[in-house]
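A.B. asks: Give the three-dimensional model of this entry:
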Amino acid sequence: MDVATLVSQYGLWAVFAGSVLEGESVLLVAGYAAHRGYLDFAAVVSVAGLGAMLGDQAWFWLGRRHGRWLLARRPGLAARMRTALGLIARYPATAVLAMRFAWGLRSALPVAVGMSRLHAGHFLLLNLLSALLWAPLVAGLGWAFGSLISRYDAHLHRYEHWLAGGLIALALLAHWLYRRHAARGA
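C.D. replies: Below is the predicted model of the structure:
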């Protein structure tokens with residue numbers, strides 16, 4: 001089975017799973033795959049938006065139900081959480097709309113919003129709007145990257161599976177290093 005077949009069969013599942021977590025890198029690669037014709041761009045955007053919204057809703061409710069307990073177990077987060085809660089209290093709409101674009105904080109910020117006094121319905125609407133902005137923007141960047149690359153190297157398709165694998169490995173390494181650094185600071 002070649003890479004194109006794998007991406008065509010399982011790509012949208014990977015986009016959904018990646019978007020539930022912190023899916024920028026997965027969505028960039030999916031945008032590139034859509035440019036290459038392996039995935040449908042509209043499906044990539046739809047699945048990514050849905051996954052991102054559902055993931056942030058889950059993190060929100062985790063913060064709403066168990067946020068204080070989480071802080072009690074990780075006291076090093078308390079100062080950062082107070083700062084986040086202050087920003088959310090002053091600029092709730094901006095904080096929710098911007099949280100999706102704060103790489104590395106996509107799961108922490110919805111927990112903080114869940115701990116805030118922001119109404120759940122208000123969060124749902126802002127979260128939906130944020131996902132509707134984020135998914136086409138990030139997937140579009142992947143598409144644009146594919147378009148740019150294809151202009152300069154018509155033979156790239158021979159190496160694209162290595163390039164995609166390398167990009168995914170770099171993104172996973174960066175994510176792991178960030179988490180490791182954050183765990184030491186907490």
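A.B. asks: Measure how buried Phe101 is and give me the count.
C.D. replies: Phe101 is flanked by 14 other residues according to other CB atoms under 10 Å. From N, CA and C alone the C-beta is placed, and that goes for glycine too.
A.B. asks: my read: it touches Ala135, true?
C.D. replies: No - judged on CB atoms under 8 Å, Phe101 makes no contact with Ala135 at a distance of 11.8 Å.
A.B. asks: Tell me the spacing between Ala164 and Leu109.
C.D. replies: Using CB to CB, to the nearest Å, Ala164 is found at 28 Å from Leu109.
A.B. asks: neighbour count winner among the two?
C.D. replies: Higher neighbour count among Ala164 and Leu109: Leu109, with 22 against 18, using other CB under 10 Å.
A.B. asks: got a list of what the more buried one touches?
C.D. replies: By CB atoms under 8 Å, 6 or more residues apart in numbering, the contact set of Leu109 is 84, 95, 99, 102.
A.B. asks: Would you map the helices across the protein?
C.D. replies: Counting by DSSP state H, residue ranges of the helices within the chain are 3-20, 24-35, 41-73, 78-90, 92-99, 108-115, 120-152, 160-185.
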